[in-house]
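Undergrad: Take a look and give me a structure for this.
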Amino acid sequence: MKPFARAMRRAQQGAVLFIALIVLVAMSLAGLALMRGVDTGTLIASNLAFKQGATMAGDWGVEQARTWLIAPGATDLKIDQPGLAYYSTMQETLNVITGFDWSTAASVGTDAGGNQVSYVIHRLCDLPGDPVAVACVKSSATTTSVASTKGAGGYGGGAIAVPTAAFYRITVRVLGPRNTVSFVQATVY
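TA: Coordinates of the predicted model:
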């Protein structure tokens with residue numbers, strides 16, 4: 001072998017190994033970053049699923065509260081009934097999320113997803129009493145009938161009054177897995 005070729009060969013020994021090690025470290029770091037990114041995406045997706053499950057459980061709470069309101073033989077809705085999580089006034093200054101004692105709320109139960117559901121109902125009136133006599137947010141829709149010219153008699157001509165109904169605000173709190181807390185509000189009459 002020529003002396004020049006022998007000298008070049010000695011000069012190159014180990015250079016490829018050093019470059020291969022640098023590439024291996026770079027690929028390992030890229031793989032770790034990719035795994036971390038996938039884990040973060042999975043965590044975000046699971047948190048969104050928990051939030052959606054809590055919102056669905058909130059709908060269950062709204063339906064249970066509505067069922068209580070329209071049940072035949074329902075208790076007197078003109079006065080406060082704290083034991084049943086019902087208040088006949090809107091309590092404008094109350095922050096239902098932070099200022100309400102949720103241990104006194106009506107418990108609906110726990111769903112299959114582990115969400116604990118409870119609700120409170122506020123009638124949207126300034127004072128307790130009959131909604132006709134106190135200031136309330138109410139539905140007072142009226143309809144008018146059209147006079148008929150068929151036959152010998154005429155029908156209608158005046159407005160037909162629909163019974164006035166007070167509005168109710170239902171607030172539902174859902175305590176879910178992973179310390180999730182969701183609130184759902186609905187207004188019904």
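
Undergrad: any idea how far the nearest residue to C136 once chain neighbours are set aside is from A105?
TA: Leaving out its chain neighbours, the residue that sits closest to C136 by C-beta to C-beta, 6 or more residues apart in numbering is C125, at 3.9 Å. Using the backbone N, CA and C atoms, a C-beta is placed for each residue, glycine as well. From C125 over to A105 the distance is 20 Å, taken as C-beta to C-beta, to the nearest Å.

Undergrad: Looking at the two, which one has more neighbours?
TA: Each of C125 and A105 has its neighbours counted (other C-beta atoms under 10 Å); C125 has more, 24 against 20.

Undergrad: List the contacts of the residue lying closest to L127 once chain neighbours are set aside.
TA: Nearest non-adjacent residue to L127, counting by C-beta to C-beta, 6+ apart: V134, 4.5 Å away. Taking C-beta atoms under 8 Å, 6 or more residues apart in numbering, we find V134 in contact with 125-128.

Undergrad: Buried ones among the residues you listed?
TA: The neighbour-count criterion (16 or more other C-beta atoms under 10 Å) marks C125 among these as buried.

Undergrad: Spatially, which two of the contacts of V134 are the most separated?
TA: Across the contacts of V134, no pair lies farther apart than D126 and P128, at 9.3 Å, counting by C-beta to C-beta.

Undergrad: What segments of this structure are strands?
TA: For the chain, the strands defined by DSSP state E cover 86-87, 106-110, 116-123, 138-139, 142-144, 159-161, 165-166, 168-175, 181-188.
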